[in-house]
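In: fold the following and give me the result.
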Amino acid sequence: MLTPEQIDRLVQGQEDDPFAALGVHPDGAGFSARLLMPDAVAVKARTLSGESVGDLESIHPAGLFAGPVSIAERQALRYDVTFGDGSTYSLIDPYGFGPVLGPMDDYYLSEGSHGRLFDKLGAHIMTHEGVAGTHFAVWAPNARRVSVVGDFNRWDGRRGLMRRRADAGLWELFVPEVGPGTAYKYEIVGADGAMLPLKADPFAFQAEMRPSTASIVAAPLDQDWGDDRHRQYWRETDARRQPMSIYEVHGGSWQRAEDGGFLSWDELANRLIPYVVGMGFTHIEFLPISEHPYDPSWGYQTLGLYAPSARFGDPAGFARFVDGAHRAGIGVILDWVPAHFPTDEHGLARFDGTALYEHADPRKGFHPDWNTAIYNYGRREVAQFLVNNALYWAERFHVDGLRVDAVASMLYLDYSRKPGEWIPNDHGGRENVEAVAFLQQMNKDLYGRHPSVMTIAEESTSWPGVSRPVHEGGLGFGFKWNMGFMHDTLRYLTRDPVHRAHHHDDITFGLVYAFSENFVLPLSHDEVVHGKGSLLNKMAGDDWEKFATLRAYYAMMWGYPGKKLLFMGQEFAQRAEWSEARALDWWSLDHAPHRGVQALVADLNRIYRDHPALHARDCEGEGFEWVLADAAADSLFAWVRRAPGARPVVVISHFTPILRHSYRLRLPSSGKWREILNSDAHDYGGNGAGNMGQVQADEEGWAHITIPPFATLMLELDY
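Out: Below is the predicted model of the structure:
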């Protein structure tokens, strides 16, 4: 029998133990059933097999019904409901089912060692106790009450009250007959009794298209993966010694549909994958594809870490894209953002009425640069949430890598803060030891469970050992973006050629530290936005000089030690600054200079892939040696790339408008050196100055070489 206090709490949505108040309960020698159904005028009860077992009576005008039911044992019942307008509704009572989560889930979550949270939290379609439906589970330890709401219960939190697992702060509810495509959110009452804005599921595997913000019950992935060969290859190889040429892509603006809308994952697969294969890139790196509310954030202010964005379709579409890329021999890397999250009210901010995912103190929990919240990496449950997300993308979607955004902002407590605006660590220092421990754990778990997957850090400081293994004291990343290379070389090339002789070290300095980490050389989206213009327009000089210098720069970069990354549109020298709001300027390819740059990049990728000297020792110093480092007056650089068992390749880069005939240069050995690339070739839009395909070096290695203006040559020893 319900007490008056229970009735009052139920109709006001304040009941914190719904399973004690609703459902079927012993009542004397038999059983009674209780159901909250606002606006109902009649409720009939049936067993799941269809046998009628009684009519419930209204015991409160708010829609609370109760009455005896003729059953021999406690069980879930089906209710046939009639509303005042004559409409009817049938449902299976969710309060007739036992819990899905177990005590070990509570234990591992509380301990901080749960490696399968994405199998437990969120919305999971399942058959529970013989009935099909969806199990919902969410972490909200400081909430007074949590309900799951959706069309299935008229978004009425009183009808979706969840079971509290007090030991871990988890809430769960199995809702029968809820299937794929169902929109839902969590209605949360904070510890102070205040109703919070409806919250999206932190573990949602699918979400509504913005500006709608509900989570979606996702169908289980049923991809027929055909990428065993691809994954085995990367599992068994040393990525540092493989050619890696990465095409960085913003999925919403690479191309657009005819109506100006986004391409679906299947449309992207049909267009993007063949293009990347034809251009010779080895990997596609997507700017963040996880769900985010604001297009101009490019995905870097994400709220749905587990949900591929609805902009491009459903999660199954993304799985098909990855599988298709792998079958074509292309890896897929995702930009991943554990550094911060936006404070939209439907998201993680003050999720249960308290600073749950973020630090309560804004000196540690708020980013002044981006007006976003910072994860509390020292909280076990939060660190697990993030580590599990990294594992989720690798396991469920077979991604080949995660490029971790804004690592420097995570490592330093005083990042972008003035004195007094940050809190020192326990040792009085500026290092965020909690973030360091999280990054190390993430890398250990990801590499330990998915050895075919790589991690790449966008880290712009001199933090030591970013790509050193954790057991050696490093952060454990596989690679680190070489931001210094990007900034120094672009600064050099923006100068008028007459001034470059005085800034020779902008090019040479990078080789001082080139092997201190496993580097990726990035020419990324950050360099072609916010008024910076395109790469082409960064080059000094008139139009001819710009194109020639850009070609020489690309060829120099592909001959420089380190893996390669180029942002979309720059492979054909787009003139305009990139905007996420429109497609790339593909019409540029109607003009020969742009086609020439595109042809050069495709050949560079082929040469880089086919000549081990250019990639097999990208991360090791023995693969590099200067041939000419001090020709500042000529703005000329030359070095040799080597690898065991491979023919050496000499790279010569020149950045003045002078055509240098018979330039005397000592090559590493005598013999014939074949010209395998000349960025001044007619095919690329150049003038065609060169060496007729080869250079002869005497017994001491001396050779006389024609070096075109603003050009890079690659010479391979022809044994």
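In: now do Arg327 against Asp543, distance only.
Out: 41 Å (C-beta to C-beta, to the nearest Å). Using the backbone N, CA and C atoms, a C-beta is placed for each residue, glycine as well.
In: comparing those two, which residue is more hemmed in?
Out: For Arg327 versus Asp543, the count of surrounding residues by other C-beta atoms under 10 Å is larger for Arg327: 14 against 11.
In: report the contact partners of the more buried one.
Out: Taking C-beta atoms under 8 Å, 6 or more residues apart in numbering as the contact definition, Arg327 lies against Gly226, Asp227, His230.
In: try Val249
Out: Residues in contact with Val249 (C-beta under 8 Å, 6+ apart) are Leu272, Ile284, Glu285, Phe286, Leu287, Met568.
In: counting neighbours, what do you get for Ser290?
Out: When counting by other C-beta under 10 Å, one arrives at 21 neighbours for Ser290.
In: okay, it: pLDDT?
Out: Reading off the confidence values, Ser290 has pLDDT 97.
In: cool, Asp238 as well?
Out: Listed pLDDT for Asp238 reads 96.
In: how far away is it from Met454?
Out: Separation of Asp238 from Met454 (C-beta to C-beta) stands at 11 Å.
In: again with Val651
Out: Going from Val651 to Met454 by C-beta to C-beta gives 26 Å.
In: could you do Phe567 as well?
Out: Counting by C-beta to C-beta, the gap between Phe567 and Met454 amounts to 19 Å.
In: what does stretch 602-615 contact?
Out: When contacts are defined by C-beta under 8 Å, 6+ apart, stretch 602-615 is touched by residues 241-245, 278-282, 554-555, 558-559, 563-564, 623, 641-643, 645-649, 676-677, 714, 716.
In: let's see 6 Å
Out: With C-beta atoms under 6 Å, 6 or more residues apart in numbering as the test, stretch 602-615 has contacts from 243, 245, 279-281, 558, 641-643, 646, 648-649, 676-677.
In: out of these, who's nearest Gly701?
Out: Ranking the contacts of stretch 602-615 by separation from Gly701, with C-beta to C-beta as the measure, puts Pro648 on top at 11.5 Å.
In: who's in contact with that closest one?
Out: Contacts for Pro648 (C-beta under 6 Å, 6+ apart) come out as Ala613, Val640, Arg642, Leu717.
In: by neighbour count, which of those residues wins?
Out: Going through the contacts of Pro648 with other C-beta under 10 Å as the criterion, the one with the most neighbours is Ala613, at 24 neighbours.
In: next, it: phi, psi?
Out: Torsion angles at Ala613 (phi, psi; degrees, to the nearest 10) stand at phi -60, psi -30.
In: would CSV of the contacts of Val249 with neighbour count and pLDDT be doable?
Out: What follows is these, written out as CSV (neighbours: other C-beta atoms under 10 Å; pLDDT from 0 to 100):
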residue, neighbour count, pLDDT
Leu272, 24, 98
Ile284, 26, 98
Glu285, 26, 98
Phe286, 25, 98
Leu287, 24, 98
Met568, 25, 98
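In: and these, which of them are in helices?
Out: By the criterion of DSSP state H, membership of the contacts of Val249 in helices covers Leu272.
In: tell me where the model's unsure across the stretch 1-150 of the chain.
Out: Scanning the stretch 1-150 of the chain for pLDDT under 70 picks out no residues.
In: all the helices of it, in order from the start?
Out: 4-11, 18-21, 103-111, 117-120 (DSSP state H, counting those that start in this stretch).
In: what are the buried residues along the last one?
Out: Within helix 117-120, the residues that qualify as buried by neighbour count (16 or more other C-beta atoms under 10 Å) are Leu117, Phe118, Lys120.
In: kindly indicate which of those residues lies nearest Gly686.
Out: Distances from the buried residues of helix 117-120 to Gly686 were compared by C-beta to C-beta; the smallest belongs to Phe118, at 52.0 Å.
In: leaving aside the residues adjacent along the chain, what's closest to the closest one?
Out: Across the structure, with C-beta to C-beta, 6 or more residues apart in numbering as the measure, the residue nearest Phe118 apart from its sequence neighbours is Tyr392 (4.6 Å).
In: wait, what's in contact with Ala457?
Out: Val404, Val407, Val466, Phe477, Lys480.
In: so which of those residues sit within helices?
Out: Cross-referencing these against helices under DSSP H gives Val407.
In: out of the contacts of Ala457, who's the most crowded?
Out: The member of the contacts of Ala457 surrounded by the most neighbours (other C-beta under 10 Å) is Phe477, with 29 neighbours in all.
In: now that one: how far from Asp224?
Out: Applying C-beta to C-beta to Phe477 and Asp224 gives a distance of 32 Å.
In: right, and Gln440 touches Val470 too?
Out: Yes: the pair Gln440 and Val470 qualifies as a contact (C-beta atoms under 6 Å) at a distance of 4.6 Å.
In: shared neighbours of those two, anything?
Out: By C-beta under 6 Å, 6+ apart, Gln440 and Val470 have these common neighbours: Gly476.
In: Leu713 falls within a strand, correct?
Out: Yes: the assignment for Leu713, made by DSSP: H, G, I helix; E, B strand; the rest coil, places it in a strand.
In: got a list of what it touches?
Out: When the contact criterion is C-beta under 6 Å, 6+ apart, the partners of Leu713 are Ile652, Asn678.
In: kindly report the same for Ile92.
Out: So Ile92 contacts Ala76, Arg78, Pro176, Glu177 (C-beta under 6 Å, 6+ apart).
In: so Val276 touches Ser245, yeah?
Out: No: in this structure Val276 lies outside contact range of Ser245 using C-beta under 6 Å: 9.7 Å.
In: any of the contacts of Ile92 buried? List them.
Out: Neighbour-count burial (16+ other C-beta under 10 Å) applied to the contacts of Ile92 gives Ala76, Arg78, Pro176.
In: does the first one really touch Gly98, like I thought?
Out: No: in this structure, Ala76 is not within contact of Gly98 by C-beta under 6 Å, at 9.8 Å.
In: circling back: nearest to Gln384, out of the buried ones among the contacts of Ile92: which one, please.
Out: Closest approach between those and Gln384, by C-beta to C-beta: Pro176, at 29.3 Å.
In: the closest one contacts Val131, doesn't it?
Out: Yes: between Pro176 and Val131 a contact is recorded at 4.9 Å, counting by C-beta under 6 Å.
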